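*Asks:* using only what follows, build the 3D model:
(one chain, ligands or ions: 1)
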Amino acid sequence: MSLLSQWVKIMIKKIKGTNDIVEDAYIWEWVENKFKNVAKRFGFSEIRTPIFEATELFDRGVGKETDIVQKEMYTFEDKGGRTITLRPEGTAPVMRAFIEHGMTSKGLPQKFFYVGPMFRYERPQAGRLRQFHQYGIELIGSPLPIADVYTILVAIESLKAVGLENFKLKINSTGCEKCRPKYREALREYYKPLLPKLCDDCQTRYEKNVLRLLDCKRDAEYAKSAPNILDYLCDDCKTHFGELKRLLDSLGIEYEVDPSIVRGLDYYTRTVFEIKYPSLGAQDAIIGGGRYDNLVEELGGAPTPSVGFAGGMERIILALKNEKKIPPFRGVDLYIVAVGDEQRAEVLKMAEKLSSELKVDVDLMGRKIKSQFKNASKEMARYTLIVGEDEVKTGLYTLKNMSDGTQTKLPIDEIVKTVKS
Ligand code: HAM
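*Replies:* Model prediction:
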């Protein structure tokens with residue numbers, strides 16, 4: 001230890017672009033449970049992949065020329081000299097696991113959901129973090145538009161399950177390897193005379209990833225008159241997109257076709273979609289997804305057309321706060337109050353017994369009765385239970401409803417029933 005650090009303990013702070021989830025933790029738990037339930041209701045099961053992977057997975061999967069791989073990955077060498085990357089997204093890892101475990105043999109489609117942290121070195125701002133969290137699903141193995149619609153349906157049902165309303169679904173088709181080269185050519189032609197006016201990023205993208213020029217926020221003006229990808233789709237892609245729209249219509253799902261949606265990851269083919277929440281401002285995409293028919297093959301597996309989406313938990317929670325849809329915080333069901341120190345052991349016994357049925361809490365700071373009650377209401381306990389000498393003798397305990405102040409004397413079984421009701 002240096003001399004200075006022996007004298008001055010410098011406060012260590014969280015890393016820029018990360019968050020401590022403390023007071024909002026109950027909101028996160030609530031949203032995650034809702035989302036997981038929706039995914040399960042539609043036949044998806046959970047998958048948990050590692051938080052770090054071989055860097056090559058994302059180079060190959062997400063695409064070497066994407067912003068994510070070029071600028072945003074947390075990549076480091078581990079002590080064994082391997083190049084490791086903190087996962088910037090969940091699709092490539094799920095597909096890696098799918099191939100590695102030979103899951104095709106279990107029959108197709110395979111349907112997975114996940115919730116967890118992702119890492120991207122982006123400029124932090126409201127709704128954009130360096131460690132953020134995604135909820136996502138991957139439907140592996142079906143080439144049919146019905147799989148795309150099923151995926152979109154799960155996305156929408158997830159948002160509805162938490163009560164969100166003012167979101168907008170935007171869809172597009174990015175074609176396939178047959179029709180996309182012609183479209184790329186047309187885009188290059190269109191942007192060529194505009195090149196000197198484009199931002200630095202777009203100048204580089206022009207050569208390497210011309211489709212991304214369409215969703216540049218700075219050069220959005222030029223994108224408006226750019227050739228429309230939908231005019232360049234081959235017959236198969238046209239039919240696929242037509243069927244997707246027909247199925248969405250038959251479900252009454254509202255959408256807007258937006259040819260500027262191209263997505264920032266290279267693996268997409270045909271359907272791409274985003275769910276926007278306009279009042280979030282610049283970071284208004286709360287869900288993004290689409291079809292990725294070549295990814296499994298790209299990663300060394302057999303051709304396995306697939307589709308999925310991921311939603312940003314932070315942005316969805318911001319949207320919920322915007323709509324005032326957050327349920328109020330609920331403290332424990334029962335705060336057990338000791339009348340005098342001699343009752344502390346009895347209070348612990350009661351806590352042990354009741355905690356199998358209810359959420360309980362007790363005073364651990366040696367507080368007097370009055371301040372135990374104060375503490376119970378600060379912690380938003382719904383009920384308090386008073387344990388004094390009389391109560392222990394008679395087996396009848398005073399239960400106080402903290403919202404209306406009413407008190408009743410009850411035996412232990414009745415306490416559970418009353419609090420639960
Ligand atoms: P993505 O569009 O890159 O897609 O991310 C999905 C969602 O994650 C975004 O719509 C946004 O809500 C959230 N998100 C992305 N970056 C950040 C950030 N820096 N801070 C906060 N939230 C962020 C994917 O990741 C694909 N893997 C989705 C997918 C799954 N496609 C097919 N299957």
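*Asks:* mind listing what's buried in stretch 147-161?
*Replies:* 147-156, 158-159 (16 or more other C-beta atoms under 10 Å). (Each C-beta comes from the backbone N, C-alpha and C, glycine too.)
*Asks:* right, is that stretch up against the ligand?
*Replies:* No. Judged by C-beta under 6 Å from any ligand atom, stretch 147-161 and the ligand are separated, with a smallest distance of 8.1 Å.
*Asks:* which residues are contacting that stretch?
*Replies:* Contacts to stretch 147-161, defined as C-beta atoms under 8 Å, 6 or more residues apart in numbering, come from residues 34-35, 37-39, 41-42, 44, 109, 135, 137, 139, 167, 169, 171, 244, 247-248, 251, 253, 270-271, 273, 275, 286-287, 289-291, 307-309, 311, 316.
*Asks:* using the record's assignment, carve the protein into domains.
*Replies:* Annotated domains of the chain cover 25-178+251-322, 180-232, 334-420 [automatic domain parsing].
*Asks:* neighbours around Leu86, how many?
*Replies:* Residues within reach of Leu86, counting by other C-beta atoms under 10 Å, total 20.
*Asks:* does it touch Phe52 like I think?
*Replies:* Yes. Between Leu86 and Phe52 there is a contact under C-beta atoms under 8 Å: 5.4 Å.
*Asks:* end-to-end on stretch 41-51?
*Replies:* Length of stretch 41-51, first residue to last, C-alpha to C-alpha, to the nearest Å: 26 Å.
*Asks:* list the buried residues of stretch 379-399.
*Replies:* So, applying 16+ other C-beta under 10 Å, buried residues of stretch 379-399: 381-388, 391-392, 396-399.
*Asks:* before we move on, what's the pLDDT of the most centrally placed residue in the chain?
*Replies:* In the chain, the C-alpha nearest the mean C-alpha coordinate belongs to Gln134, at 2.6 Å (C-alpha atoms, centre = their mean). Gln134 carries a pLDDT value of 98.
*Asks:* starting at the chain centroid, how far to stretch 109-119?
*Replies:* 9 Å (C-alpha atoms, centre = their mean, to the nearest Å).
*Asks:* that one and the ligand in contact?
*Replies:* No. Stretch 109-119 lies out of reach of the ligand by C-beta under 6 Å from any ligand atom, never closer than 6.9 Å.
*Asks:* sorry, back to before: can you tell me which of the buried residues of stretch 147-161 are in helices?
*Replies:* 147-156, 158-159 (DSSP state H).
*Asks:* out of those residues, which comes closest to the ligand?
*Replies:* Thr151 (8.1 Å; C-beta to the nearest ligand atom).
*Asks:* residue numbers of the chain in contact with the ligand?
*Replies:* Going by C-beta under 6 Å from any ligand atom, the residues of the chain near the ligand are 89-91, 120, 122, 127-129, 132, 134, 136, 138, 264-265, 285-290, 308-312, 314-315.
*Asks:* now the helices: where do they sit in the stretch 201-350 of the chain?
*Replies:* 220-223, 235-251, 295-298, 313-322, 344-354 (DSSP state H, counting those that start in this stretch).
*Asks:* CA atoms of the first one as PDB?
*Replies:* Meaning helix 220-223. The C-alpha coordinates for helix 220-223 follow below in PDB (Å, rounded to 0.1, in the frame of the first residue of the first chain):
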ATOM      1  CA  ALA A 220     -31.400  11.400 -42.000                       C
ATOM      2  CA  GLU A 221     -32.400  14.100 -44.500                       C
ATOM      3  CA  TYR A 222     -30.700  12.300 -47.400                       C
ATOM      4  CA  ALA A 223     -32.200   9.000 -46.400                       C
END
